[in-house]
Structure formats: C-alpha cells, structure tokens
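Asks: fold the following and give me the result.
(one chain, ligands or ions: 1)
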Amino acid sequence: MKFAVIVFPGSNCDIDCYKAVEDTIGQPVDYVWHTATDLSEYDAILVPGGFSYGDYLRCGAIARFAPVMNEVVKAAEQGKFVLGICNGFQILTEAGLLPGALLRNNSMKFRCHSALLEVVNNNTAFTNQYSQGEIIDIPIAHGEGNYFCDDATLAQLKANNQIVFRYKAGANPNGSLEDIAGICNERGNVVGMMPHPERAIDQLLGSEDGKRMFTSILNAWREQHGAAVNG
Ligand SMILES: NC(=O)CC[C@H](N)C(=O)O
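Replies: Modelled structure (predicted):
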C-alpha cells in the first residue's frame, strides 16, 4: 500500500506524517509537492498540518487552490483514503471534500496540549482498530479548530454517522459544535480531524493512541484488496 504526504509551503507536520507511516505500518510513502498533477500511484493521501501559505486569508483557503488539490479531489472520488490532519482538515473543508468550516478557537488563542477524544464511529477505514466509545489521548495544536456547520449539515452528519471523533465531554478545547473533533464524508473514505495522531505513535511522545489510525488504514486497504490482514 502506497502513501502520499502532500507538502505545501508552510506545512510543518509532513515529516511527522511520513515517519508515522514508516514507524507504524512500514509501508512505502513519498512526499508530494503541492504542484504535483498525478497521484495515481497512491492508495492513501495524507494532508498534513501546518501553516500552509502562512494561514493568510483563512487557514487552508489558499492551499485549496494548489494544483495537487484537483488530484486529491479525484482520489477521493475514486474511493481512495484521504486523511486531513489539522491544517489538512481545514484544507479539505475549504476544498469542499468535507462539510462545515473551522473557525477561530473560542478562546482566540492557539491551543497546544494533549486532548482526550471519544471514538464515536469505529466503522471507518481510519478507526476500525479502536472500540466504539473508546477514549483516546491525541494532542492538539491549532488556532482555528472550532468546527462549525449549519443545522441541516449537522443533522446529516448525525444521520450518516459522519462524526468520527468528539472531544471528551467537558474537555472541548476550542468551542467546536457538539464537541466535534473529526468527521468523515458520506462515503467514509475522507476523514478530517483537528488532533494529531501522527504525534501520538510512541509512549516517548506521551501517547501511542494515534498508532491505530495508521494500522486501521492498512487493515481497511488489505480487506478491500483481499490480502491477509496482519496489521
Ligand atoms: N497544527 C496545525 O496544523 C495548525 C493549523 C492552523 N495553522 C491553525 O493554527 O489552526
């Protein structure tokens, strides 16, 4: 299974994503520059965190127009796995691959600390190695993580089981609607989340709860391709 880590000017979690793929599942992975126009060789696309284009205008608002984003949209349409983390989540909402928007944190401050999340939907390609309702420890680091959508969109998210992660009740760090920390598209092959699983793959980092996101992706891909599942 082959992974692409997209790199924009200002990305700063690309190396962590690359290393996370190498260290957790040992699959081939490439950095792919934002000007790329062909992602056909990749099975999964990681859109990493950072400050693409300096967060000018609005986080993700400029990156969304990078040439590679046409290919990311194409990959999503083909059913490939697309994971946007933090700035990556913001870019995927700006690109229309995920509904809603990420507003400034209600504190108006950049928040950088560990966060407890509830796995709301473990029936996705990204979360199949977690238990439903499991509480996991994954760090956050953002200034615009306050998820918002209108009532009709929220009703749709709930009806289709598209809320993947919530901040643990009482521990919402940014004011996001209904404690939403991560969502998926209707088809379930695109996930966006503000917390950083790639920063939680070893106890040395404070938590290894992020590791199972990567093993989940490989597991889902192997199931799709009929190969033996051995993590
Ligand atoms: N770590 C990140 O990806 C940060 C995303 C974005 N720059 C923000 O502050 O919200």
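Asks: CA only for contacts and neighbour counts going forward, please
Replies: Fine.
Asks: grab the nearest non-local neighbour of the residue of the chain at minimum distance from the ligand.
Replies: Nearest residue of the chain to the ligand, counting by C-alpha to the nearest ligand atom: Gly49, 3.2 Å away. Once flanking residues are discounted, Gly49 sits nearest to Asn87: 4.3 Å by C-alpha to C-alpha, 6 or more residues apart in numbering.
Asks: go ahead and confirm that neighbour touches Leu46.
Replies: No: Asn87 is not in contact with Leu46 according to C-alpha atoms under 8 Å; the separation is 11.2 Å.
Asks: just to revisit the earlier point, list the contacts for the residue nearest to Gly49?
Replies: Asn87 makes contact with 47-52, 59-60, 194, according to C-alpha atoms under 8 Å, 6 or more residues apart in numbering.
Asks: make CSV from the residues you listed and add secondary structure and pLDDT to it.
Replies: Below are the contacts of Asn87 laid out as CSV (DSSP: H, G, I helix; E, B strand; the rest coil; pLDDT from 0 to 100):
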residue, secondary structure, pLDDT
Val47, strand, 98
Pro48, coil, 98
Gly49, coil, 98
Gly50, strand, 98
Phe51, coil, 98
Ser52, helix, 98
Cys59, coil, 98
Gly60, coil, 97
Met194, coil, 98
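Asks: TSV for those residues, including neighbour count?
Replies: Shown next, in TSV, are these (neighbours: other C-alpha atoms under 10 Å):
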residue	neighbour count
Val47	29
Pro48	29
Gly49	31
Gly50	24
Phe51	21
Ser52	24
Cys59	27
Gly60	27
Met194	28
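Asks: farthest-apart pair in these, please.
Replies: The largest separation in those, counting by C-alpha to C-alpha, is between Ser52 and Met194 at 14.9 Å.
Asks: burial of Gly26, as a residue count?
Replies: 11 (other C-alpha atoms under 10 Å).
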